[in-house]
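In: give the three-dimensional model of this entry:
(chains A, B and C)
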Amino acid sequence: MRLLLKNISLPLAEFAVEVDVELHSQVTGIFGPSGAGKTSLLDLIAGLRRPSSAKIQLNDTVLTDTASGLAVPPRLREVGYVPQDLALFPHLSVRQNLLYGHKPESGRNPLFSFEHVTDLLEIKSLAGRSVTHLSGGEKQRVALARALLASPRLLLLDEPLANLDTALKDKIIPYLCRVRDEFRLPMLYVTHEREEAQTLCDEILVMTRGRVTARVDGRAAP
Amino acid sequence: MTAEEWQIVWFTAWVSALSTLVIVPFGLGVAWLLARHDWFGKSVVETAITLPLVMPPVATGLILLKMFGRRGAIGGFLHDSLGLDIVFTWRGVLISLGVMSFPLLVRSARVAFEQVNQRFEQIARTLGAGNWRVFLTITLPLAFRGIMAGVMLAFARALGEFGATIMVAGNIPGRTSTLSLSIFQSVQLGQDAHAYRLLGISVALAFIAVWGSECLLRRAKP
Amino acid sequence: MQNQTHRKAERNQLDGLRPPACDLPRLLAGVGFAISLLSGVSPSHAADLTVFAAASLTESLRTIAAQYQRETGDKPAFNFGASSFLARQIEAGAPADIFFSADEDKMDALDRKGLILKETRTSRLSNSLVIVIASDSLLVIHSPKDLAGSEVKRVALADPKTVPAGIYSRVYLEKHKLWPLVEPKVVPTDNVRAALAAVESGNVEAGMVYKTDAAISKKIKVAYEIEDNPDISYSMAVLKDSREPAAARKFLDYLNSEAAGKVFEHYGFIVKGKPGGGSPASGHSGGSAR
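Out: Prediction:
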């Protein structure tokens, strides 16, 4: 897989996000202190923000190219996004949330079927419930499942375990591993926890004040 | 209460309801644009919409009279090509009520839209939803209470409209006579008992509408 | 006649004045007074009068008031409107000195409430009704029956329930058995000038107003002049709670004068009875005698 993040420049309040990398790993971690611009970078890749300059390309598809004025709208990018606050739609049930982006044609790939995803993340029993009455861990899995059910080609995860206590983290990490191994989707995983990054990611970008200051190996290393 | 008085109440109620219904799509559209977008000349639009709220109602009525009279820009066209008259008919009442209550609807709806967390809209987009789907399935339902409060407020305003209505529609018994116009005329005629009865109904209707609006707003607050 | 009144005023002033003594203020006052005498203006305090008058009297009364102010220094101010509306305001305590109504009924109502000085009440003017259409209208009206025709969709009248002009129109149409046919088309307006404006705007096909109203508007034309008018009679009186009763009576006398009568006739009003002398006639209107 190839994810190009070339000549990215996005001015923020205190500094600018400036990134110029080419990624080949399946799971790339983005590690750094809060406020380093990690979320803004994810927003850019999802098409939710406009950069002053960028070329973003996933395999053969150009998603953003300011030079030619190309900017694929978010709904066509097939980039799944699990934001830090999860953003589960409060006025819809769990089932409605899950099926929001679910395209019937994605029945083509049985991996992304409702059965398979809900089985994998063990949320079948939650389907009829209201979103507001779920536990932290349940919400996390539902948000993840919702993104998966839209058959994304790239998955963005913004601090998925940030709001969970250690016990819960330990419970969720296996699910994330399952997703990584089952779906073989390219993933960008933002975190400020070193251990998480090393467990889940093949490679880690270190970001400080909007710039990538280091690239290190993740679990590939012993 | 005489049959004539009930006719006045009924007319006032249905023409106010209809005018509110008619302005809802326009009001929501404008409110959404004001809440979500910036453009050159936005402040001019904001001011223009607020004008009927602060100008003397008879002044607004005069402008409407000039526009919709048989010799006016719009009224002339309607009269000559469709044989349709606006001034001195219930349509004139409808337009006066609509114009005068429009700013209230827009202001309330705008606030309601602004209170919807845009994150939800963004995530919906990443899940493949286009603009209309986002608006109908995410923005509108989440803003619903605030919008309904605005609709009730607009309805209440329409119920009590006087200045513009008397200019554009006159006070034709049985055809354009609303509650407020009737109260005015009763006082002029010295029919105090009649006036007080209508006044009582007027207060009751307004009370219900505004109270309903406040209830909805209270429950809309997160 | 106004010369008599004028000199009477001067005599009153002279009675109050002492022959100038040696102190300067009195000397100056005396000189000032002498000068004002020569210039023919009364040095008395110029009264502000408030006259509530029917809308149809707007132009004529303004003209008369201007003349009056030149001659006496008193300045009548006007509140023009529907006589019914004005009467209500007076009943509610509005500060007015004179009421000039377009019909006797409104004056009767005030009289019953004890709000007028009965002995000042006079009925001098009458008027006639016309059917008017917009000046660029192609409508043809041969007789009032045409108001019932299908080409006339809306007829503007001053409110036929309360405003004199509308009441007179309704009485006329009732007499000719046309009211049931015309009533559904009526657009009632607050006063007769508003009915005129409605015809001018083109938003109604026709209207009924006084002949005097039609005369002052260039945007309408008279389609038909009513000949068998109902008994139209304007009534005027000084109000009991007037704060300037003397000045009010004076102005009322002037309104009954020959000079004022000429102005009214110039604007198209019908002046009944003889041009008034020193004392105004009392009581209600008689017939529409010329």
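
In: can I assume C:Ala237 sits in a helix?
Out: No: under DSSP: H, G, I helix; E, B strand; the rest coil, C:Ala237 sits outside any helix and is assigned strand.

In: ok, it touching C:Ser123?
Out: No: judged on CB atoms under 8 Å, C:Ala237 makes no contact with C:Ser123 at a distance of 9.6 Å. C-betas here are computed from N, CA, C, even on glycine.

In: between those two, which has more neighbouring residues?
Out: The neighbour count for C:Ala237 versus C:Ser123, taken as other CB atoms under 10 Å in any protein chain shown, is higher for C:Ala237 (26 against 22).

In: which SS class is the residue most central in space within chain C?
Out: Note on chain C: the residue nearest the mean C-alpha position is C:Leu57, at 4.1 Å, using CA atoms, centre = their mean. Recorded secondary structure, C:Leu57: helix (three-state DSSP).

In: and the residue nearest to it when sequence neighbours are not counted, how many neighbours does it have?
Out: Of all residues not flanking C:Leu57 in the chain, C:Phe100 sits nearest, at 6.1 Å (CB to CB, 6 or more residues apart in numbering or on different chains). The number of residues packed near C:Phe100 is 24, by other CB under 10 Å.

In: what do you get for A:Gly47?
Out: 22.

In: now do the contacts for it.
Out: A:63-64, A:71-74, A:77, A:79, B:125-126 (CB atoms under 8 Å, 6 or more residues apart in numbering or on different chains).

In: that older thread, the residue nearest to C:Leu57 and C:Val51 touch, don't they?
Out: Yes: assessed by CB under 8 Å, C:Phe100 is found in contact with C:Val51 at 6.3 Å.

In: give me the common contacts of the two.
Out: C:Leu61.

In: next one, pLDDT for the residue nearest to the centre of chain C please.
Out: If you check C:Leu57, the pLDDT there is 95.

In: residue contacts, it?
Out: C:80, C:100, C:102, C:234.

In: neighbouring strands - and their directions - for the particular helix or strand that has C:Phe52 in it?
Out: Per DSSP states H and E: C:Phe52 is located in strand C:48-54. Strand C:48-54 has its sheet partners listed here by DSSP bridges as strand C:75-81 (parallel), strand C:98-101 (parallel).

In: buried sites along it?
Out: Neighbour-count burial for strand C:48-54 flags C:49-54 (criterion: 16 or more other CB atoms under 10 Å in any protein chain shown).

In: get me the contact residues on the stretch 1-150 of chain C for chain B.
Out: Within the stretch 1-150 of chain C, the positions adjacent to chain B are C:84-85, C:88, C:91 by CB under 8 Å from any CB of the partner chain.

In: buried residues of the one helix or strand B:Ala149 maps to, list them for me.
Out: With elements taken from DSSP H and E, the one containing B:Ala149 is helix B:140-160. Buried residues in helix B:140-160, defined by neighbour count with 16+ other CB under 10 Å: B:140-143, B:145-160.

In: what do you get for stretch A:165-172?
Out: Within stretch A:165-172, judged by 16+ other CB under 10 Å, the buried ones are A:169, A:172.

In: show me what from chain A comes close to chain B.
Out: Counting by CB under 8 Å from any CB, the residues of chain A that sit close to chain B are A:43, A:46-48, A:73-81, A:83, A:85, A:87, A:89-91, A:100-101, A:103, A:146-147, A:150.

In: which residues touch residue 152?
Out: Going with chain A. A:78-80, A:185.

In: should've been chain C
Out: Contacts of C:Val152 (CB under 8 Å, 6+ apart): C:139, C:146, C:185, C:205-206.

In: okay, now B:Thr137: neighbour count?
Out: 17.

In: may I see the ChimeraX selection of the buried members of the contacts of A:Pro152?
Out: Listed next is the ChimeraX selection for buried residues among those, using 16+ other CB under 10 Å:
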select /A:78,79,80,185
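
In: any chance of the contacts of A:Pro152 in a markdown table, plus pLDDT?
Out: Converted to a markdown table, these look like this (pLDDT from 0 to 100):
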| residue | pLDDT |
| --- | --- |
| A:Glu78 | 92 |
| A:Val79 | 94 |
| A:Gly80 | 94 |
| A:Leu185 | 87 |
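
In: can you flag which of the contacts of A:Pro152 belong to strands?
Out: Judged by DSSP state E, strands contain the following of the contacts of A:Pro152: A:79-80.

In: in CSV: the contacts of A:Pro152, plus distance to chain C.
Out: As requested, the contacts of A:Pro152 are arranged in CSV below (distance: CB to the nearest CB, whole Å):
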residue, distance to chain C
A:Glu78, 60
A:Val79, 60
A:Gly80, 62
A:Leu185, 70
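
In: what does the one helix or strand A:Pro174 maps to contact?
Out: Per DSSP H and E: A:Pro174 is located in helix A:166-183. Contacts to helix A:166-183, defined as CB under 8 Å, 6+ apart, come from residues A:26-27, A:111-112, A:120-122, A:136-137, A:140-141, A:144, A:148, A:155, A:157, A:160-161, A:164, A:185, A:187, A:196, A:199-200.

In: residue in chain B nearest to chain A?
Out: As assessed by CB to the nearest CB, chain A sits closest to B:Leu127 within chain B, at 2.9 Å.

In: brain fart, the stretch 51-200 of chain C
Out: C:Val187 (50.0 Å).

In: surely that residue is in a strand?
Out: Yes: C:Val187: assigned to a strand according to three-state DSSP.

In: tell me, how many neighbours does it end up with?
Out: With other CB under 10 Å as criterion, C:Val187 counts 26.

In: repeat that for C:Trp179.
Out: C:Trp179: 17 neighbours (other CB under 10 Å).

In: pretty sure it sits against C:Ser169.
Out: No: the pair C:Trp179 / C:Ser169 is not scored as a contact, 9.3 Å apart, by CB under 8 Å.

In: follow-up on the earlier one: distance between the helix holding A:Pro174 and the chain's centre?
Out: Its chain's C-alpha centre lies 14 Å from the corresponding centre of helix A:166-183 when counted by CA atoms, centre = their mean, to the nearest Å.
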